[in-house]
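> Quick one: sequence plus predicted model below, questions after.
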Amino acid sequence: MSLTRFNSPRQIIQAGGITLPELYEWHAKENPNFDLFRYYDGQRIRSITYSEVVERARGVAQHILSITGTGSAHHAEIIAIAANIDAITYFLTILGILLAGHTAFPVSLRNSPAAIADMLQKTHCRHVLVLRDDSTRSLVEEAIRSYASADAHPLLAFDEMLSASTIRDPQDVRKKYDLLGPAIILHSSGSTNHPKTITWTHKSLLSWGTVPWYGEVDTTGATVGCHSVPMTHAFGVSMCGHAAAVGWVIAVPPPTSPPIPPTPENVFEGSVATEVEYLMTVPMFVEQWASDPRKVDCMMRMKGIVFGGAPMKQEIGDSLTSKGVTLYTTYGATEVGSIANAFPANPGMNWPYFSITPWIQTVQKDMGDGTYELIVLSSPDHPLAVVNTKVGDVDAYATNDLLEPHPNKPGLWKVYGRKDDQIILSNGEKTNPLPLEHIINNDSLVRSSVVFGNGKFQNGVLIDPQVGSHVDPHDRNSIEAYRNQIWPSIERANEFAPQHSRIFKEMILVASPEKPFAYNMKGYPRRIAIQTLYSQEIEALYAEVESSAQGDIPAPSVWTLDTTRGFVRVVVERVLRRQLSDDGNIFQHGCDSLQVTWIRNTIFRALRQSSPRVVQTFPMDVVFQAPTIDELARVIMHALQGSHDTDTAGSKTSSADLVRLAHQYVSSIPKRSHGLLRRDASKMVVLVTGTTGGFGSDVLEHLLLDDGVATVYAFNRKDSSALERQTARFRERGLQVSLLTSSKLRMIEADLSTPGFGIPPEILDEIRRSITHILHNAWRVDFKLTLASFEADLLGLRNLIELAVQSPYGEAPKLQFVSSIGILSDCKLSSPIPEVPIDPTSAVGTGYSESKWVGERILLELAEKDGLPVTIVRLGQVCGCKNGYWNEKEWFPALVKSARHTGDGPSLSLDVAFVPSYPAACAMVDMLRSSQRILHLVHPRPVSMRKLVVPIAEELNVNIVPYPEWLSKLEKYSSAGGANELDMLRQHPALRLLDFFRAMKPMVEVSTEEAIRASEVLVRVPELGAEDSRQWVAAWRASGFL
């Protein structure tokens, strides 16, 4: 802090009518000895006062006027600065241009000559200041050659400014400034194309300088470290206004030529040497300093570290904050200025968040997924430099930035990402690429990365290798070696990413030196320009992967059962990247639909070489029907030997098989102990599974809102942060994200199929001793899989039952099992089917319904024999959530999307009992209090399917045709394969469920008498109609599905 008292100009600024150059002239009189700049010259701290600053700036002004002319009638010119100079010299040059009555245009030398020429032309700039012997001068000269109207002029070096100044009276420079006239031109970073120029008026520029007035901390006279702040950036230019309005002393590197390029080391040491109180920098530098205890100790003694431009790693920020370092996040835009309110009183562990400065007026546009687009409004006090929309009748600027609200502190926000950066896959799933790229970019072999995938089935990543990585993009072996080297970083990104955003090794594309990445002035890759540049390579990569046949796996020379089994084993293990036993179910080892395509196409490629006609006999879902290495090998051999029956992998499941399997599980359950305790709990303690799914998220919200529930243990799969996935799902469905910070919620990452769930014994014991209810919702939903593929789900149910019977209390926890109304599809009981146990023949047909029947039977047997309290809830078709979104992977959304592409929707003469997810979840929680063993959770008032389909057809402008005609048209698409197959599945997702649609029959009428008695919510659920249909379509359009 300067020792000289600072005379604040607040009153004259608030009175209006003054400009920034006039304010500096005022400071030269009122604060002549107050320090504006401070730097360390290697021996001691040196300062530059306002009187010296203005005197040097007058020298620059005189030099500028010698270029443009000094006549009283001369008009304001645009003076570009295109030189590699230090911050002090740059600052003084800008101020000198303003004092001369002209407009300053700082140009980043990170731009290409074409980009600089484009900006000079658009701004009609005729004068460009350059250094006489600067190595970057050739860049500017090339730009000027492209734009003949501009002339290059020498820029005054720091030491030349005083000798050039003969002006002692500001009236000799310029008598009047236009408040609404252009003061400075900034430019965007050029993320997509050439940078956009943005003009700030004198009024706006000085207004921007007053932003720190609105902070909660008085920073008057503070020394602020700006050693890494570029003066070509809005952040750097804003320092001109902040310093003059608030009295900041700006600490910077010394004025040397060439300037000292910022590094983490010299920025930190320069800040310490100049005794800064606040240090402004980029997150990357802070993250490096965090590993040095000495630097952490120095940061603790500063009043605050101010960072912006990119997110900081959460774990590093939390660690620094916990050690006493005060972190402030800043956020703004060149088009509107500062947005984050400066210097909150006690940011603490809320350091990633900011409030919006009262300096501007904003609205937040709800995006329907828990994020909000920030829109800044124009006002008389703060007229916007750029307008791209209106809010009502008010001019506004839509920033394209998505903000995420603090879960429990209204008014606090953090930047989630860019609206136009969001990747929407062909299945409607969304990926925010920025966190993934941030993780990948930390690899020492990666300079930068760009994740792509819009409209595709899966994401990929384009990598710009770090200099010295020695990778030849034209050599497959070199690329493969490089992929293997950076694969650990990709895996770390995959651990952070949701399941749908994972990046496979085959989807890593390496940039070529012949097509170098374009970087903007912030040093970030220009995403859209790069993806356009590499569009052919990206499309070729998708075509290669989708057709993927793993071409390097040789087909057997002679097809025997042993050679076929060996071939299939190599294919499966190559695709899954793990070893499996020959009878191991591939779906229990994480095989997804893309990998199924790879396995099938590789087998088909090999078969075409020897028996092309055999391939035509295989159904597209052969891998689902034969999900083990052994079964798949046997199917192939039967086909080669003349049998076209793919069911030879194993006989169809019989009702006796279901009964036998249920009995095996029942017999494995241990008996309850004697001498158990009496339970005194007055409130429920619920273990719930599968809460990161859609319906499960709705259930979790109702549990957390229920005053009768004391604690909720939420079990979810062990593959990434459960809380992050849960938060994302809550946002997507319009649920209360703040509930996830409730003290009653315990998120547990568990493997249900493993005894003890793979969680620490002390946590398992705590759960065993406290739970009163188990709500088992987690179950794989895939109608193509056979019963054997649901072994892990049945093991999970068995382990939850064992947890219940091991309770130390006489009254075991009640286990509520989410079954499916689908097990009644072949039920022979008269309608409406009562809420009672059913014969296994009703469920035989799909592995999914068979597994649900086995689960029911296990529980019913234990309830009868051992008195285990159970409720089986047969859940019907769940439709849209609170905001209308309906899981796009289900049969009805698939039907709708396929109808959009075929132009026809099916006329279905049947009634449906679709039940909206949110009230259904409420009923599910209510049913925890019921003693009824079986309940039907469907809409109690079914409606005609036509009532729902016709409004959708009108919305999509498609025809309604008889169901057989629609199905026939769909089947015509099913025979295509190879590289076009996945494109077709994207357009026609109903093809994935072709067997389901072939077997579709009128839905059974079921009784809901007991369900309504258990939950009155069902009585109040409105009857579905056209408005619901339109809401579903709107949600699918918003998600990019339609």
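In hand now; what should we look at?
> going forward, measure contacts between C-alpha atoms and count neighbours the same way
Will do.
> so what's the residue nearest the centre of the chain scoring on pLDDT?
The residue lying closest to the centre of the chain (CA atoms, centre = their mean) is Asn432, at 2.5 Å. If you check Asn432, the pLDDT there is 79.
> Thought Asp421 was touching it, still the case?
Yes. Judged on CA atoms under 8 Å, Asn432 makes contact with Asp421 at a distance of 7.0 Å.
> C-terminal to the helix or strand of the chain with the lowest mean pLDDT, which secondary structure element comes first?
Least confident helix or strand of the chain, by mean pLDDT, DSSP states H and E, is helix 981-987 with a mean of 61. Per DSSP states H and E, the first helix or strand lying C-terminal to helix 981-987 is helix 994-998.
> Where does the prediction get shaky in the stretch 601-750 of the chain?
612-613, 615-617, 619-621, 642-652, 675, 719-721 (pLDDT under 70).
> Tell me where it has strands.
684-689, 709-716, 745-749 (DSSP state E, counting those that start in this stretch).
> Of the ones you listed, which stretch is the most buried?
strand 684-689 (a mean of 23; mean count of other CA atoms under 10 Å).
> so Gly337 sits right up against Trp208, yeah?
Yes. Contact criterion CA under 8 Å: Gly337 and Trp208 qualify, at 6.5 Å.
> quick one: contacts of stretch 901-911?
With contact meaning CA atoms under 8 Å, 6 or more residues apart in numbering, stretch 901-911 is reached by 895-896, 899, 942-946, 949, 953, 957-963, 965-967, 969-970, 987-988, 1002-1003.
> Please narrow those to those residing in strands.
943-944, 959-962 (DSSP state E).
> Out of these, grab the one that's most surrounded.
Ile960 (19 neighbours; other CA atoms under 10 Å).
> longest strand anywhere in this structure?
strand 394-405.
> name the helices or strands packed onto it?
For strand 394-405, the packing partners by 3 or more CA pairs under 8 Å, 6 or more residues apart in numbering; DSSP states H and E come out as strand 372-377, strand 389-391, strand 413-418.
> Need the contact partners of the last one.
The reference is to strand 413-418. 352-355, 371, 400-406, 432, 434.
> Tell me how far Gly758 lies from Asn799.
Distance, Gly758 to Asn799, using CA to CA, to the nearest Å: 11 Å.
> more crowded one of those two?
Asn799 (19 against 14).
> quick one: the helices in the stretch 251-400 of the chain?
Secondary structure of the stretch 251-400 of the chain, counting by DSSP state H, counting those that start in this stretch: helices at 264-273, 283-289, 293-301, 314-322.
> can you redo those helices as CSV with mean neighbour count?
Formatted as CSV, these follow (neighbours: other CA atoms under 10 Å):
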stretch, mean neighbour count
helix 264-273, 19
helix 283-289, 18
helix 293-301, 16
helix 314-322, 16
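> could those helices be laid out in CSV, adding distance to Arg578 and mean pLDDT?
Converted to CSV, the helices of the stretch 251-400 of the chain look like this (distance: least, CA to CA, whole Å; pLDDT from 0 to 100):
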stretch, distance to Arg578, mean pLDDT
helix 264-273, 42, 94
helix 283-289, 36, 88
helix 293-301, 42, 94
helix 314-322, 31, 87
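> Apart from its neighbours in sequence, what residue is nearest Arg132?
Pro154 (5.8 Å; CA to CA, 6 or more residues apart in numbering).
> likewise Leu860?
Nearest one to Leu860, counting by CA to CA, 6+ apart, is Val870 at 7.6 Å.
> From Arg145, how far off is the one you found?
Taking CA to CA as the measure, Val870 falls 82 Å from Arg145.
> Of these two, give the one with the bigger neighbour count.
Using other CA under 10 Å as the criterion, Val870 and Arg145 rank with Val870 on top: 26 against 13.
> now the more buried one: how far from Ser842?
From Val870 across to Ser842, the span is 21 Å (CA to CA).
> Ser379 too?
On the measure of CA to CA, Ser379 and Ser842 end up 68 Å apart.
> Looking at these two, which is more packed in?
Between Ser379 and Ser842, counted using other CA under 10 Å, Ser842 has the larger neighbour count: 19 against 13.
> Tell me which residues touch that one, please.
Contacts of Ser842 (CA under 8 Å, 6+ apart): 823-828.
> Whichever of these end up buried, select them in PyMOL.
The PyMOL selection below is limited to those of the contacts of Ser842 classed as buried (16 or more other CA atoms under 10 Å):
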select buried, resi 823+824+825+826+827
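> Quick one: the strands in the stretch 201-350 of the chain, in order.
Counting by DSSP E, counting those that start in this stretch, the strands of the stretch 201-350 of the chain are 223-225, 249-251, 278-281, 304-307, 327-329, 332-333, 337-338.
> how about these in TSV, adding distance to Asp86 and mean pLDDT?
Putting the strands of the stretch 201-350 of the chain into TSV (distance: least, CA to CA, whole Å; pLDDT from 0 to 100) gives the following:
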stretch	distance to Asp86	mean pLDDT
strand 223-225	14	96
strand 249-251	12	97
strand 278-281	16	95
strand 304-307	21	95
strand 327-329	25	95
strand 332-333	23	90
strand 337-338	23	90
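> Dump those strands into CSV; add mean neighbour count as well.
Output for those, formatted as CSV (neighbours: other CA under 10 Å):
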stretch, mean neighbour count
strand 223-225, 28
strand 249-251, 29
strand 278-281, 24
strand 304-307, 21
strand 327-329, 27
strand 332-333, 16
strand 337-338, 24
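> Let me know which of those strands is the nearest to Thr692.
Nearest to Thr692, of all these, is strand 327-329, at 30.4 Å by CA to CA.
> so how many other residues sit close to Ala540?
12.
> Also Pro832?
If you count neighbours by other CA under 10 Å, Pro832 ends up with 11.
> mind showing which ranges of the stretch 901-1042 of the chain have poor pLDDT?
974-986.
> Let me see the ranges of the helices in it.
917-926, 945-956, 963-971, 981-987, 994-998, 1009-1014, 1017-1020, 1026-1039.
> Just say which of those is most tucked in.
Of all the helices of the stretch 901-1042 of the chain, helix 917-926 carries the top mean neighbour count, a mean of 22, counting by mean count of other CA under 10 Å.
> Which is the succeeding secondary structure element to the helix or strand Asn484 falls within?
Assigned by DSSP H and E, Asn484 belongs to helix 476-496. Sequence-wise, the next helix or strand downstream of helix 476-496 (DSSP H and E) is strand 508-510.
> Average pLDDT for that next one, rounded please.
On average, strand 508-510 scores 93.
> List phi and psi for Pro407.
phi -60, psi -30 (degrees, to the nearest 10).
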